[in-house]
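# Show me the folded form of this:
(2 chains)
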Protein chains: 2
Amino acid sequence: MKFSVFIYSLVLSRFIVSSSDYCEGSSKGSVCSEESMQVSRNLLQATMRAVRVHAFGGPEALRFDTDVAIPEPKEKQILVRVHAAGVNPVETYLRQGTYHIKPALPWTPGNDCAGLVEKVGGEVTKFKPGDRVFTYKTVSGSYAEYTVANENDVFNLPSELSFQQGAAMGIPYFTAYRALILRAKAKAGQKVLVHGASGSVGIASVQLAKAYGMTVYGTAGSSEGLKLVSNIGARSVFNHKEPGYTDKIMEATDGLGVDIIIEMLANVNLQKDLELLARGGTVAVVGNRGNIEINPRLTMVKETSIVGVLFPPGAEEEKQQVNAAIQPGMEQGWIKPVIGKEYTMKEASQAHEDVISNKPTLGRLVIVI
Amino acid sequence: MKFSVFIYSLVLSRFIVSSSDYCEGSSKGSVCSEESMQVSRNLLQATMRAVRVHAFGGPEALRFDTDVAIPEPKEKQILVRVHAAGVNPVETYLRQGTYHIKPALPWTPGNDCAGLVEKVGGEVTKFKPGDRVFTYKTVSGSYAEYTVANENDVFNLPSELSFQQGAAMGIPYFTAYRALILRAKAKAGQKVLVHGASGSVGIASVQLAKAYGMTVYGTAGSSEGLKLVSNIGARSVFNHKEPGYTDKIMEATDGLGVDIIIEMLANVNLQKDLELLARGGTVAVVGNRGNIEINPRLTMVKETSIVGVLFPPGAEEEKQQVNAAIQPGMEQGWIKPVIGKEYTMKEASQAHEDVISNKPTLGRLVIVI
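Residues are numbered from 1 along each chain as shown, chains lettered A, B, ... in the order given. The predicted structure follows:
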């Protein structure tokens, strides 16, 4: 990859150069691979391949474009050569144009990604070209060969994790940490129910809760999902498609209920959650797709709380706190993102369909770039 | 009142004595009043007048009994000669027998009251006969001439407040403090909306929020209510019966919304509350009478919280904390309970009808004993 960095610098300084020039001029002296040839051609033209939305709409609104301008990092920004981008439900909401935030068109979706630092802005101090990194937030979109991100949103990706796994770090683990620790204020020894535990945020929640000394209960909608959730550390697992499964959860907690619920589908489960909570318990709402009727008295009787969790981290200080919290887990192996399915950029529409389908999801959906 | 204390001690030590004895034997030497004669008769018989429920049901289930045994305080308990008892919605729920707690019958309702300490158990150290006190929780019910309460649930009533006002201290101010400070964690400088501010918990919430440096907005359902809420310290008041009043609240906060909402009727207002909250805001659910459809996504978008508040204080330490917090306000005059209407014990059914009617309430409903 140092090779392509070199090339890119060369291109930027000279602007016009033939592709054969720098293949021959490489210190490695080897024949250019197809991939590096592609990169070279792109850089020559300062264009790249990317997924873009030209008009809001369904999954088919995701178009695969081959002539997108490579973004230029500003002083405190980093250009990342993306190797894998994570697919999040929020990107489907944004794509539809009905979310509370509406991106300007044409728009490249994508928040999470992992890759190598290609170039840094003049005031960047924490990274240098070639560093393995991940981010949960880009300026220019991550479903693309190159993306620009602010330095403070970029974090080191330890060598223990693949780029695909790196693309599963940002939103899933940052959201899970914020939901569990910062919003629900879970403590060691408490009982945590992860409701929808086989998805990427669910897996992150189970791994964090387990490592922090909580007793984890998880739900999933398929036998494969239940097995996965059990394997990554849940004490007991429950199929949320089975009638009466909440009674089983109450039984498993000796009728006391759970202290914390990480909720991925509040519009379906919130009323039941309020019944399942122990005295003083908290439901952290991480996902929701509609309205639900609840009885607010349930919050009074046991003095429980419902707290909303927004996917991007909040203040700068908090962001660095979450990163500091998850780095050791990545190095030590107790944070281990699970990859559910890989897609090419051309298959982005399918990825969008899958990420919000009601079919069981097992881990992270990733676009490999 | 020292007179009746004296009499009671006399009765308890001697057990049999004619009523003329201690009227003549009084140091004041005056003719016995009808009231003291009644007290004397009761004490002779160790019976008292009290409101009791013999079978769960509507307001008519409240019966006025004249031959109820005067309870005897245990080692760490206090016998209080009740002068005024507060009427709370929760007592109507308990009376119906449909609440999550079902008292044993026959049952004397009533939590709050104020009066004079009549007698103390052997291990009581904080109070002596004759002390002015209030409580938010009794063992034997407060709609009665005498009630027994645990020492730790009894607090000093400063001379600045009447007994009627003392009967408005317990649940209203303890609940308001818990909702505002302990559950919603309101801070000086924040914007607080008290939704239903002319009732007793509402008034307490406005006075506390005002004194603690918050900007207070209040709603009420009548012009008298609005005037009252304004007079006790709200910056702006809104009639919650007027269509579009929530738009006016948003305007009053420059479109930012409020940081804290103290909610007395969540089944009507909760969805609107979630819309009215500023980023990071909290709704404290203090009252609720049914179900409501909400969109949990609203909690996510602004990372807001819904926290339930149960009326009796929690742990012992917290109870003493709340009392410590409100004592200076009572002495300094910034805690000033408003009495809405006074009833006799025979009128208890009417008080129960009024406390949960949808008619505008202005302050505390009190049964004067």
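# Run through who's touching the host helix or strand of A:F134.
Counting by DSSP states H and E, the element that carries A:F134 is strand A:132-135. With contact meaning Cβ atoms under 8 Å, 6 or more residues apart in numbering or on different chains, strand A:132-135 is reached by A:78, A:80, A:111-117, A:127, A:142, A:147, A:149, A:153-159, A:163, A:166-167, A:169-170. Backbone N, C-alpha and C define where each C-beta goes, glycine included.
# contacting residues around the helix or strand following it?
Counting by DSSP H and E, the next helix or strand C-terminal to strand A:132-135 is strand A:146-150. Residues from elsewhere that reach strand A:146-150 (Cβ under 8 Å, 6+ apart): A:48, A:70-74, A:76-82, A:108, A:110, A:113, A:118, A:135, A:137-141.
# May I have strand A:146-150 exported as CSV, CA atoms only?
Output of strand A:146-150 as CSV, limited to C-alpha atoms (Å, rounded to 0.1, in the frame of the first residue of the first chain):
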residue,chain,number,x,y,z
TYR,A,146,-11.6,6.7,-0.9
THR,A,147,-13.2,8.7,1.8
VAL,A,148,-12.3,11.7,3.8
ALA,A,149,-12.9,11.8,7.6
ASN,A,150,-12.1,14.2,10.4
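# Relative to the helix or strand following that strand, what are the paired strands and their orientations?
Downstream of strand A:146-150, the first helix or strand assigned by DSSP H and E is strand A:154-156. Using DSSP bridges, the strands paired with strand A:154-156 are strand A:132-135 (antiparallel).
# Buried residues of the strand it pairs with, list them for me.
For strand A:132-135, a neighbour-count test (16 or more other Cβ atoms under 10 Å in any protein chain shown) marks A:132-135 as buried.
# ok, so of the residues you listed, who is nearest chain B?
Distance to chain B across those (Cβ to the nearest Cβ) is lowest for A:T135, with 21.0 Å.
# Which strand residues bridge that closest one?
In beta-bridge terms (that is, DSSP bridges), A:T135 pairs with A:C113, A:V154.
# Same list (the buried residues of strand A:132-135) but as CSV, adding pLDDT.
Compiled in CSV, these are given as follows (pLDDT from 0 to 100):
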residue, pLDDT
A:R132, 98
A:V133, 98
A:F134, 98
A:T135, 96
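# right, is the longest helix seen in chain A up against chain B?
Counting by DSSP state H, the longest helix found in chain A is helix A:316-332. No - against chain B, helix A:316-332 shows no contacts by Cβ under 8 Å from any Cβ of the partner chain, the least distance being 11.4 Å.
# and whatever residue of the stretch 151-300 of chain A ends up closest to chain B, how many neighbours?
In the stretch 151-300 of chain A, the residue that lies nearest chain B is A:T299 (2.8 Å; Cβ to the nearest Cβ). Neighbour count for A:T299, taken as other Cβ atoms under 10 Å in any protein chain shown: 27.
# Let me know whether it touches A:I306 as I believe.
Yes - at 6.8 Å, A:T299 and A:I306 qualify as touching, with contact defined as Cβ atoms under 8 Å.
# list residues touching both of those two?
Common neighbours of A:T299 and A:I306, using Cβ under 8 Å, 6+ apart, are A:274, B:306-307.
# who wins for neighbours among these?
For these, neighbours tallied by other Cβ under 10 Å; top is B:I306, 30 neighbours.
# ok, what's across the strand from that residue?
Residues in beta-bridge contact with B:I306 (DSSP bridges): A:I306, B:V283.
# Can you pull the phi/psi pair for A:S223?
phi -70, psi -40 (degrees, to the nearest 10).
# Relative to A:V355, how far out is it?
21 Å (Cβ to Cβ, to the nearest Å).
# And for A:V368?
A:V368 is 15 Å from A:V355, by Cβ to Cβ.
# the more surrounded of those two?
A:V355 (22 against 16).
# was I right about that one contacting A:P89?
Yes - checked against Cβ under 8 Å, the pair A:V355 and A:P89 is within contact range at 5.6 Å.
# Enumerate the residues of the stretch 251-369 of chain A near chain B.
A:266-267, A:270, A:285-286, A:288-310, A:314.
# Most proximal residue of the stretch 51-200 of chain A with respect to chain B?
Nearest to chain B in the stretch 51-200 of chain A, going by Cβ to the nearest Cβ, is A:H100, at a distance of 5.7 Å.
# which residues touch that residue?
B:V301.
# Helix, strand or coil: sort out it for me.
At A:H100 the chain is in coil, as set by DSSP: H, G, I helix; E, B strand; the rest coil.
# Would you mind measuring from it to B:E293?
Per Cβ to Cβ, A:H100 is found 20 Å from B:E293.
# Also A:A114?
41 Å.
# Then A:A324?
For A:A324 relative to B:E293 (Cβ to Cβ), the value is 41 Å.
# what's the domain layout of chain A?
Here the domain assignment for chain A is A:46-167+A:339-368, A:172-308, based on automatic domain parsing.
# Determine which stretch of these is the most buried.
Burial of the domains of chain A is given as mean neighbour count (mean count of other Cβ atoms under 10 Å in any protein chain shown); domain A:172-308 ranks first at a mean of 22.
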